[in-house]
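Q: Quick one: sequence plus predicted model below, questions after.
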Amino acid sequence: MSRTVDADPNPTVRRMYDELGELLERGDEAFVEEGPDIVKNAIAEPGFFDGVSTAHADQGGYTREKVIGDPDGHVVRYMEWPPEYALMPHEHHGRPCFEVLVEGQLVLSDLSATTVGENEYTFDVIETTTADPGEAAVVDPRENEIHAVYSPVRSRSLHVYPDDNWEAYGYVPKDDSTSDAVDVYERESFQLRE
Ligand SMILES: [Fe+2]
């Protein structure tokens, strides 16, 4: 059995984390509206990346290294995405989250679901945001919940979640030989936490 001991976050990371916590005390709206600028400013400071790195992501999927997260608090994770990786449509139980790109490029698509059968859905893209290094993409449930992510090239991004211990709902392609042009998905519960 292996045990991971979190290293102490560096002071720049801790300061950013505490500022994000002050936003959350004001509510999810302040968190999602003002949080991205706090992270953008923090990563531009010298020393932010001391002791902060990603784990290599192979073609099978992304990796998520915890940067900082107090028990029962918000959490910041440093994610690495392999090239040409698509994360299926999913939603986060009504909570917001956001990411700031460090390297590469991430494409975030907001989707609307149409129910086409018993636990069967199709999706339309409402809006697509392309984040380049230093830019943010946000998931704001006041506007839209279901989203998908695509990394055209190997990418690294900092993701901030208001809570580290939640379930999400993901949509997986339904294996259905009778469907032709349109992709049909089924909704499943999954855990974001490793
Ligand atoms: Fe997400």
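A: Received, thanks.
Q: Quick one: mean pLDDT over stretch 41-51.
A: Stretch 41-51 shows a mean pLDDT of 96 in the predicted model.
Q: what separates that stretch from the chain centre, distance-wise?
A: 20 Å (Cα atoms, centre = their mean, to the nearest Å).
Q: Buried ones in it, by neighbour count?
A: Neighbour-count burial for stretch 41-51 flags A42, I43, F48 (criterion: 16 or more other Cβ atoms under 10 Å). Glycine gets a C-beta too; all of them are placed from N, C-alpha and C.
Q: Contacts made by that stretch with the rest, please.
A: Here stretch 41-51 makes contact (Cβ atoms under 8 Å, 6 or more residues apart in numbering) with A7, P9, N10, P11, T12, V13, R15, M16, V100, V102, G134, L158.
Q: Drop anything exposed from those.
A: Among the contacts of stretch 41-51, those buried by neighbour count (16+ other Cβ under 10 Å) are P9, N10, T12, V13, M16, V100, V102, L158.
Q: Skip the chain neighbours and tell me the closest residue to P89.
A: Of all residues not flanking P89 in the chain, Y171 sits nearest, at 4.2 Å (Cβ to Cβ, 6 or more residues apart in numbering).
Q: what sits against the one you found?
A: Counted by Cβ under 8 Å, 6+ apart, Y171 has contacts M88, P89, H90, A113, Y121, F123, I146, Y185, E186, R187, E188.
Q: repeat that with 6 Å
A: By Cβ atoms under 6 Å, 6 or more residues apart in numbering, the contact set of Y171 is M88, P89, Y185, R187.
Q: does the third one really touch N119, like I thought?
A: So the one you mean is Y185. No: using Cβ atoms under 6 Å as the test, Y185 is too far from N119 to be in contact (9.2 Å).
Q: all strands of this protein, in order?
A: Ranges of strands in the chain, per DSSP state E, are 63-68, 75-81, 85-91, 97-103, 106-117, 120-131, 136-139, 147-151, 155-161, 167-173, 185-191.
Q: Looking at those, which is nearest to D28?
A: D28 lies closest, by Cβ to Cβ, to one member of the strands of the chain: strand 97-103, at 9.9 Å.
Q: Tell me the pLDDT of the most centrally placed residue in the chain.
A: Geometric centre of the chain, nearest residue: H159, 5.3 Å, by Cα atoms, centre = their mean. On pLDDT, H159 comes in at 96.
Q: hey, what's it bridged with?
A: Beta-bridge pairing of H159 under DSSP bridges involves R77, E99.
Q: Now for it: which residues touch it?
A: H159 makes contact with R77, M79, E99, according to Cβ under 6 Å, 6+ apart.
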